[in-house]
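A.B. asks: my questions are about this predicted structure, shown below with the sequence.
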Amino acid sequence: MVHAIRVHEYGGPEVLKWEKVKVGDPGPGEIKIRQTAIGLNYIDVYGRTGLYKQPSLPFIPGMEGAGVITELGEDVRGFKVGQHVTYAGPIGAYAEERLVVADRVVKTPPDLGDDIAASIMLKGMTAQYLLHRTYKVGPGTTLLFHAAAGGVGLIACQWAAYLGATVIGTVGSDGKALIARAHGCTHVINYRTENVVAAVKEYTDDEGVDVVYDSIGKDTFPASLDCLKPLGMWVSFGQSSGPVPEFHIGLLAQKGALYATRPSLHHYTATHKDLVDTANDLFEVVTKGKVKIAINQTYPLADAKWAHEDLEARLTTGSTLLLP
């Protein structure tokens, strides 16, 4: 028997229970992983609260981790026992050991390490598709990234700056503003003390930005639309403050014939080839030092409740790990 965090009913951080679980043998196409590091992400909160309903209760939360293969199921090719691997999904990461379908994992580069791998897969691959596929960022792009000092934000803002973009970030404190500036942001807006729309217009000579990357949801709508130039794109990829209110699609025309999209990593990495290509692109910029990873918080996996409390209180910056 090993331990895992399980959720028996939806609710606050207190529903995260440290329990003994039995992990069976891997089935056909599966591998068993002894986990060494687990990434904390806001999507874990969505699952815990029931905002994202799970197929059944109880369930083990968590979407991101890294570790060592201990067993291979039938028909698994390209992996071996003792190999270090990492993944982003499917759910079930908050565990000392777990089973994963082999085509959902990738090999961890030897010069990366499990801690870094577990802290970047979900957040870093999200940054990859946002900047390269949802809206292709490059020299001449001016963008607004909400929660610039968060896990996705610190990776995406550095990456966007490396691609030649002008990056405007929003944060919730002066301390986070310093962090955001050190990680690629040309301009930083403290949304607690500044008017975001007015500041964006000032920084862009009243033109607005080409694209807004918005993981906040309710609290940044419709202000995100007002930050865009005509024909700009609003990318809503999260909802940490709650779901975006329902709106009439005509609003996009009224505010400048805007584009809007709600992407997800699952669809951008649906095939194993897409997964590997996305991960390798991420690994390259990290191992070359173009994107530096800040693991600013670690918690024992058994204390996941505290980690969730701090995450929801916006007390974390960069990446956070849960350690089995």
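C.D. replies: Happy to help now that I have it.
A.B. asks: so which helix or strand takes in the residue most central in space within the chain?
C.D. replies: Geometric centre of the chain, nearest residue: Lys123, 3.0 Å, by C-alpha atoms, centre = their mean. Per DSSP states H and E, Lys123 falls inside helix 114-129.
A.B. asks: distance from the chain centre to that helix, please.
C.D. replies: 7 Å (C-alpha atoms, centre = their mean, to the nearest Å).
A.B. asks: before we move on, back to that, wait, what's in contact with the residue nearest to the centre of the chain?
C.D. replies: Residues in contact with Lys123 (C-beta atoms under 8 Å, 6 or more residues apart in numbering) are 39, 41, 64, 151-152, 155, 319. In this view, the C-beta of every residue, glycine as well, is placed from N, C-alpha and C.
A.B. asks: which one of those residues is nearest to Tyr259?
C.D. replies: For those, the closest approach to Tyr259 (C-beta to C-beta) belongs to Val152, at 20.4 Å.
A.B. asks: look up the closest residue to His3, ignoring the ones flanking it.
C.D. replies: Using C-beta to C-beta, 6 or more residues apart in numbering and skipping the chain neighbours, the partner closest in space to His3 is Glu96 (5.4 Å).
A.B. asks: one more: Tyr162?
C.D. replies: Using C-beta to C-beta, 6+ apart and skipping residues adjacent in sequence, the residue nearest Tyr162 is Lys290, 4.8 Å away.
A.B. asks: tally of neighbours for that neighbour?
C.D. replies: The number of residues packed near Lys290 is 13, by other C-beta atoms under 10 Å.
A.B. asks: return the distance of it relative to Ala313.
C.D. replies: Distance, Lys290 to Ala313, by C-beta to C-beta, to the nearest Å: 31 Å.
A.B. asks: ok, Ile179 next?
C.D. replies: Ile179 is 17 Å from Ala313, where distance means C-beta to C-beta.
A.B. asks: the two: who's more crowded?
C.D. replies: A count of neighbours by other C-beta under 10 Å puts Ile179 above the other of Ile179 and Ala313, at 23 against 8.
A.B. asks: ok, and that one, which helix or strand is that part of?
C.D. replies: Judged by DSSP H and E, Ile179 forms part of helix 174-181.
A.B. asks: residue contacts, the spatially closest residue to Thr141 that is not a sequence neighbour?
C.D. replies: Spatial nearest neighbour of Thr141, excluding adjacent residues (C-beta to C-beta, 6+ apart): Ala165 at 4.2 Å. When contacts are counted by C-beta under 8 Å, 6+ apart, Ala165 is found next to 137-143.
A.B. asks: one more time with 6 Å, if that's ok
C.D. replies: 137, 141, 143 (C-beta atoms under 6 Å, 6 or more residues apart in numbering).
A.B. asks: the first one: neighbour count?
C.D. replies: The local packing count at Val137 equals 24, with neighbours defined by other C-beta under 10 Å.
A.B. asks: helix, strand, or coil at it?
C.D. replies: coil (DSSP: H, G, I helix; E, B strand; the rest coil).
A.B. asks: distance of it from Ala147?
C.D. replies: Counting by C-beta to C-beta, the separation of Val137 from Ala147 is 17 Å.
A.B. asks: what score does the residue nearest to the centre of the chain have for pLDDT?
C.D. replies: On pLDDT, Lys123 comes in at 93.
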